[in-house]
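> The following block contains a protein sequence and its predicted model.
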Amino acid sequence: MSFLSRFSRTQLIIGGLLTYATGVSAALTFFPSGAKTDPNAKDTDMLPSESVRRSIFDTLAPGYDKEVGLHEYLLGIQRRRKRLLQQATGRVLEIASGTGRNVDYYPKGCCGEIVFSDFSEGMMEVLKRKVEESELGRRWDYQRRRGKQLEGERRAQLRHQQQAGDMATATTTTATTAAAQPTQVVETELRFQTMNAAAIPYPDQSFDTVVDTFGLCSFEDPVQVLKEMKRVLRPGGKLLLLEHGNSSWGFMKDMQAKQLDRHVHKYGCYWNREIEEIVQEAGLEVVEEERSQLGTVYFIVAR
Ligand SMILES: C[S@@+](CC[C@H](N)C(=O)[O-])C[C@H]1O[C@@H](n2cnc3c(N)ncnc32)[C@H](O)[C@@H]1O
């Protein structure tokens, strides 16, 4: 009996597909596609400054989704985004939103407000368009317009009641009280904020949830950004992180170190940071943690 004949056809097909997916994904990870953003960049060049990396993100923005889409699919990143955002509640600040790859994963009605932010104008442009076209954005737009319409009707009713003031009766008193209530139709308010995450322009303890996905690899000073996220988080609030960093496997660590210069010049991303150390240094308490994909992908809930 041959080795392969021990498995059913379905098992063989699934096994083959998984092997293929892992292979392609590893190839994309280790050998990112050709063209360098800066054609003169060499592996020996100095690592780019924050402003240079901001312009790298501006340049990457229009093609970013296409560039990372297959890679994320093969690594099961969408599933992790969805699982992470199940925990988003109340007033939410999303840091370094990029092109808005989380937009479709916020559960319907999860949150009173979501602020999407980034420091790259190019990313913000793509992000706004994607939010507008998403179900979340369309619902928000509809509810906003409906709210305005109802508010107009409410004001007209109030004016009408004021004109008929001296004819007030018990019935109109009830109607006046109802008309005096502002119209609240929008379920999840959406806002956009261009900002550097190292200095978040919001007061202390102003959010119930702060989200960051694949941002720690891109910040000049990730510890400072995490401290800022903690500052704006309300007591009892949650910090939701999905990140990539240094692998827990030696061969992969070596590969990441060898490719670092190239990767930073092309993607503005330091892909071999020690995420657990960074989180610890920022003084956060980790309440949930999971590492996958040879230890390079970190799913962290902290406070
Ligand atoms: C790898 S992308 C991740 C985008 C998105 N969060 C996602 O999950 O696909 C990193 C993002 O961080 C943003 N970024 C880098 N440094 C930043 C900073 N100091 N402040 C705000 N955004 C920053 C970049 O513009 C870019 O959009």
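The structure has been received and is ready for your questions.
> Show me the helices in the protein, by range?
Ranges of helices within the chain are 9-30, 50-60, 64-74, 77-85, 121-133, 135-163, 170-180, 222-231, 250-267, 275-281, based on DSSP state H.
> on contacts alone, who are the packing partners of the longest one?
What that stands for is helix 135-163. Applying 3 or more C-beta pairs under 8 Å, 6 or more residues apart in numbering; DSSP states H and E, one finds that helix 135-163 contacts helix 121-133, helix 170-180, strand 189-194. All C-beta spots, glycine's among them, are computed from the backbone N, C-alpha and C.
> and the angle for the first one with helix 64-74?
Note on geometry: by axes from the mean of the first three to the mean of the last three C-alpha atoms, to 10 degrees, helix 121-133 and helix 64-74 are set 70 degrees apart in direction.
> Helix 121-133 and the ligand in contact?
Yes - residues of helix 121-133 contacting the ligand under C-beta under 6 Å from any ligand atom: residue 123.
> Using CSV, write down the CA coordinates of that helix.
Coordinates of the C-alpha atoms in helix 121-133 are reproduced here as CSV (Å, rounded to 0.1, in the frame of the first residue of the first chain):
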residue,chain,number,x,y,z
GLU,A,121,-2.6,61.7,2.7
GLY,A,122,-2.4,59.0,0.0
MET,A,123,-3.7,56.3,2.3
MET,A,124,-6.4,58.7,3.7
GLU,A,125,-7.7,59.3,0.2
VAL,A,126,-8.0,55.5,-0.6
LEU,A,127,-9.4,54.9,2.9
LYS,A,128,-12.2,57.6,2.5
ARG,A,129,-13.3,56.1,-0.8
LYS,A,130,-13.3,52.6,0.6
VAL,A,131,-15.4,53.6,3.6
GLU,A,132,-17.9,55.5,1.4
GLU,A,133,-18.4,52.4,-0.7
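> what's it packed up against?
Looks like helix 121-133 contacts helix 50-60, helix 64-74, strand 111-118, helix 135-163, strand 189-194 (3+ C-beta pairs under 8 Å, 6+ apart).
> Which of these has the lowest mean pLDDT?
Lowest mean pLDDT of the helices and strands packed on helix 121-133: helix 135-163, a mean of 88.
> tell me which residues of it are tucked away?
136-137, 139-140, 143, 154, 161 (16 or more other C-beta atoms under 10 Å).
> Now do it and helix 121-133, the angle between them.
Using the same axes, to 10 degrees: helix 135-163 against helix 121-133 is 70 degrees.
> Work out the gap between helix 135-163 and the centre of the chain.
Chain-centre distance of helix 135-163: 31 Å, with C-alpha atoms, centre = their mean, to the nearest Å.
> Repeat that for stretch 221-232.
Put simply, stretch 221-232 sits 16 Å off its chain's centre (C-alpha atoms, centre = their mean).
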